[in-house]
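Enquirer: Everything below, folded, please.
(chains A and B)
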Protein chains: 2
Amino acid sequence: MPAADSALKRLAEAYEKKEVKFLEAYFDCLRIPSVSSEPRYRDDMRECARWLVEHLSGAGFEARLWETGGHPVVFAESGPAEPSRPTVLIYNHYDVQPVDPVEAWETPPFEPTVRDGQVYARGAVDNKGQCLYVIQALKTLLDLDGRLPVKVKLCIDGEEESASPGLSKIVKDHGPELAADHLLLVDGGFASLESPSVGVGVRGIVSLRVEVVGSRGDLHSGTHGGVVYNPLHALVEILGRLRDEEGRITVPGFYDEVAALTEEERRQFDFHFNAARYEARFGARPVGGERAYGPRESGTIRPTLEINGLAGGYGGDGFKTVIPARARANLSCRLVPNQDPEVIGGLVADFIKLQAPEGVEVRVSINPGMGRAVRNRPDAAVVQAAAQAYQDVLGRPCGFRLGGGSIPIMPLLMEASGAKAVLMGLSLDQDNVHAPNEHFGLDRLKMGCLTLARTLELLAET
Amino acid sequence: MPAADSALKRLAEAYEKKEVKFLEAYFDCLRIPSVSSEPRYRDDMRECARWLVEHLSGAGFEARLWETGGHPVVFAESGPAEPSRPTVLIYNHYDVQPVDPVEAWETPPFEPTVRDGQVYARGAVDNKGQCLYVIQALKTLLDLDGRLPVKVKLCIDGEEESASPGLSKIVKDHGPELAADHLLLVDGGFASLESPSVGVGVRGIVSLRVEVVGSRGDLHSGTHGGVVYNPLHALVEILGRLRDEEGRITVPGFYDEVAALTEEERRQFDFHFNAARYEARFGARPVGGERAYGPRESGTIRPTLEINGLAGGYGGDGFKTVIPARARANLSCRLVPNQDPEVIGGLVADFIKLQAPEGVEVRVSINPGMGRAVRNRPDAAVVQAAAQAYQDVLGRPCGFRLGGGSIPIMPLLMEASGAKAVLMGLSLDQDNVHAPNEHFGLDRLKMGCLTLARTLELLAET
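Expert: Residues are numbered from 1 along each chain as shown, chains lettered A, B, ... in the order given. The predicted model follows:
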């Protein structure tokens, strides 16, 4: 029996012995409605944080709350490992998305129910499922060996679903406590168990609001049509100039700092894209990016500027004879390494303001909650360990993923801890994450526990 | 005493004798909540129509309802005038605008209240006030002379505030009953009693809905940004191409049929525009039209294309990471004589569809309720009589006005009746028409009665 197989067998047997008790704790946690974005769940948020502190203390962790001004962060440390062993910081979150439309749930979102091997509940996957299998992995290793193979620190956010404003604010002050060699962010997944992958990159983000202001109040489009400069026209004219026919963003300087992929990096990632499968799944062709790049590249290693919303006048059914006083757009840019969100936000804002025609005022503001991009090397020890663990547990080769989305807390945690990072997780496309009837498989809870334990064992050897 | 003075003195004395009774009837009519656009007022609409039939029958008119499929039209004819005298068709409407926000009214909208010589009620001006002073003018003339100086027909619409769909549909069938020499549309006004005017033109209208369809459902802007063609980008790019830097509409053929003003016409109208006063009043500079024309020209004798609404994605405060599946715009064109609304709507729709980028579908539909432009000659007898009447009653020279708005029923009534038309009325800017606390002056009810009676006397001589 190869080393990996015997290691996994040992972990699996230990997991199975405690599975019932583990699921009881998991269900207890799922029953707490920890919706961070709705003020009425404020007390439930704190209850969930306290539940985690107790749960971790019971397992021998030194656990405490970090106050953030918003919902607290749960921070916990294992007892000392052998001095030569590395320190591993693991990020999860205990807050969940709202449940609306609640009538679309087959069973109530905060009453976990098992059907066909799937646990249905809000947070079943995102992120209580992944958080609790991480803790269970630690308990399993402690049960087996009396100590962990590495020193472990847990940082469990209470505001991930709201872009982590509290943790972002305090993360620098907690640098010494967060210091680590490796960082695992266990909040993701991949399309199918057939082709596992770990994430090594995310794009950065900066978002802006554009407002075009014309007259003092709304005007009649008959009496004033052809007289005033319609703010809706100004808005579409300005926004229509943001991209050229090649799909490139026209804002001067937008691409100046973009880090190109080296030939070596290019070999490490798979930029293949199945356009037919994409179209079948989403009902749209993948033709929105820069002509010079394929859809996978445009969606990961190239920056974008997208309009996320337009509003002004009467956009409903029928018709109103209005020239509105104001028109508005929400925009966001996804950024790649070396692009500074504040700098890019400023360039976009300046360009838009410069386009303002005579007769209207154009206001642009940059929203808080920006974040930098991350692009790690697949050959980093933490990335290799995580990929090896998935390969061992799932029996499939594990790839390296560059994501198109943004995790603003990721670069901040990397900076505060000094650690290299990898994105892990076993969420699949079919799990209804953020939607009604979110669910997670009992089989994946076990796989999660095993991959985490296995990753830590592999990291002990680095 | 000049002829006009003695004629007016006679009318004023007769008016004053019946003023109290007239106001009682006016208040009765104002108490009926005849809001045509809200289904819950359906019975009140019919009650108001019946009230008018009775009120007119009591004055010796042969009055009846025309069914339209929607709210009925009240039609009434006076007894025969001297055979040589012309027939005058008068258009008003008895439906009113909704009253929302009702809490902004100082007194309830359907309980007419007099404060400082002003009658406060929904419909006080628009158009029950103007409708009832028209009827009072007829009653005054009948009281004085036993018969009217001209044959009069009244057409009182029940759906003017909804663009007259019912009357538009049946107007052709009632051609023989509507046949007239002159048509007075008494539903307008001017800025101030210092500078009265009568309207001789309106612009036509055609409105369109544009929908850009991308993916099957909304997508995450991180994962899909740079992959799909964002429908919001497609929308702003398309709409941003509708006007050039000179403010001209770029749709091929848009200006082909535009009737230019002759030198003679240009002399008859005043295209002077006080930009400083406009800016002080509306908070916007009058710089939105074609560079080659002044704001008064752009707002009356030139066609326009305005975006009336944009909607798609998330346009509110804060930010959502969405690429919406659909984006939408409402557009309208104001038209000038010789432009066919259906043709122009088709040209705009074709142009927009041609701009569709690869990756999205662009759907354009033309709304019902289009209308042609009207531009009458100020030297027409009906225009001259109306202007003379205002001049006699208000003691100020009366101008000729080209309007920027649209009255789709106007060209249809002109065609069905064979009459030349003029737009009359004593509504002023300060009356809060279509807004809370609509009001009309007791003095203007009298002026309205006198101008109408005087107009009919003058038309008797044509």
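
Enquirer: Secondary structure element holding A:I238?
Expert: helix A:231-239 (DSSP states H and E).

Enquirer: Buried ones in that helix, by neighbour count?
Expert: Going by neighbour count (16 or more other C-beta atoms under 10 Å in any protein chain shown), the buried part of helix A:231-239 is A:231-239. The C-beta positions use only the backbone N, C-alpha and C, and glycine is treated the same way.

Enquirer: Contacts for that helix, please.
Expert: A:210, A:212-214, A:307, A:310, A:312-313, A:323-329, A:331, A:352, A:355-357, A:359-360, A:362, B:233, B:235-236, B:239-240, B:242-243, B:288, B:306-310 (C-beta atoms under 8 Å, 6 or more residues apart in numbering or on different chains).

Enquirer: quick one, phi psi at the residue in the stretch 351-462 of chain A positioned nearest to chain B?
Expert: Closest residue of the stretch 351-462 of chain A to chain B, C-beta to the nearest C-beta: A:G405 (2.9 Å). When read as degrees, to the nearest 10, the backbone of A:G405 gives phi -80, psi -170.

Enquirer: correct me, but it touches B:G226?
Expert: No. Between A:G405 and B:G226 there is no contact under C-beta atoms under 8 Å: 11.6 Å.

Enquirer: Quickly list what's touching both of those two.
Expert: Joint contacts of A:G405 and B:G226 (C-beta under 8 Å, 6+ apart) are A:R334.

Enquirer: Surely A:A63 forms part of a strand?
Expert: Yes. Per DSSP: H, G, I helix; E, B strand; the rest coil, A:A63 lies within a strand segment.

Enquirer: what about the residue nearest to A:E290 when sequence neighbours are not counted, which SS state?
Expert: Nearest non-adjacent residue to A:E290, counting by C-beta to C-beta, 6 or more residues apart in numbering or on different chains: A:G247, 4.2 Å away. Classification of A:G247 using three-state DSSP returns coil.

Enquirer: show me what contacts A:G247?
Expert: A:288-291, A:298.

Enquirer: Contacts for stretch A:372-381, please.
Expert: So stretch A:372-381 is in contact with A:182, A:200-204, A:259, A:265, A:268-269, A:301, A:335-337, A:339-341, A:383-384, A:387, A:400, A:402, A:406-408, A:410-411, A:414, A:420-422, A:459, A:462, going by C-beta under 8 Å, 6+ apart.

Enquirer: and A:E38, how many residues sit next to it?
Expert: 13 (other C-beta atoms under 10 Å in any protein chain shown).

Enquirer: How about the contacts made by it?
Expert: So A:E38 contacts A:P98 (C-beta under 8 Å, 6+ apart).

Enquirer: roughly how far apart are it and A:E438?
Expert: 17 Å (C-beta to C-beta, to the nearest Å).

Enquirer: Likewise for A:S221?
Expert: 46 Å.

Enquirer: what does A:V348 give?
Expert: 35 Å.

Enquirer: just A:S195 next, same as before
Expert: From A:S195 to A:E438 the distance is 23 Å (C-beta to C-beta).

Enquirer: Buried only: go through the contacts of A:G247 for me.
Expert: Neighbour counting with 16+ other C-beta under 10 Å marks A:288-290, A:298 as buried within the contacts of A:G247.

Enquirer: I'm done for today, thanks for sticking with me.
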